[in-house]
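Asker: Sequence and predicted model, in that order:
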Amino acid sequence: MKTAICYLSVHHGNTLQLLQAMAQAESIDLIDLRTRQTVDLTGYDRVGFASGIYGFAMHQAVLDFARQYLPAGKPVFFVYTYGLTKGTGASELKKLAAERGCPVLGEFGCRGYDTFGPFRLVGGLSKGHPDQQDLEQGQAFIRRLAET
């Protein structure tokens, strides 16, 4: 099955590191939203959306991209990294998926190094994450999706 993950990985590359590990486990096309201006997702069997958690939700640019390019009925999944808490995680993307009739296959989140705002003063949160265990759990998640 052909899989794409549309992602934004900004501060420390936590999300990209996780996605690269997933791509080692399964064949995935990684689509960096900072470099791709337009994309056709109709040729994919399933589409993932990924980013860090910013202000308790996934990056707004990922949601905007999904609003523009997610085809109706396309199976989707979500991946994110977070410093302390996932907040509402992918809830806005889940709402969009429901509006478009897209089945949600699942979501995966893990901790990621975070130095946003006041956390910089204490050296950041979740140092060393994503770690090897996080990466292996991400690979297990993507393998499970491949089985569905």
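Answerer: Right, received. Where do you want to start?

Asker: and Arg100, how many neighbours?
Answerer: For Arg100, the count of nearby residues is 15 (other CB atoms under 10 Å). Just so you know, the C-beta spots here come from the backbone N, C-alpha and C atoms, and that holds for glycine as well.

Asker: correction: Ala25
Answerer: 16.

Asker: Same check on Asp64?
Answerer: 11.

Asker: now it: how far from Leu33?
Answerer: Asp64 sits 9 Å away from Leu33, taking CB to CB, to the nearest Å as the criterion.

Asker: Check Leu18 too.
Answerer: Distance check for Leu18 against Leu33: by CB to CB, it reads 16 Å.

Asker: swap in Tyr82?
Answerer: Here the criterion is CB to CB. By it, Tyr82 lies 18 Å from Leu33.

Asker: Which positions in the longest helix anywhere in the chain come out as buried?
Answerer: Among the elements of the chain assigned as helix by DSSP state H, the one spanning the most residues is helix 132-147. With burial defined by 16 or more other CB atoms under 10 Å, the residues of helix 132-147 counted as buried are Asp134, Leu135, Gln137, Gly138, Gln139, Phe141, Ile142, Leu145.
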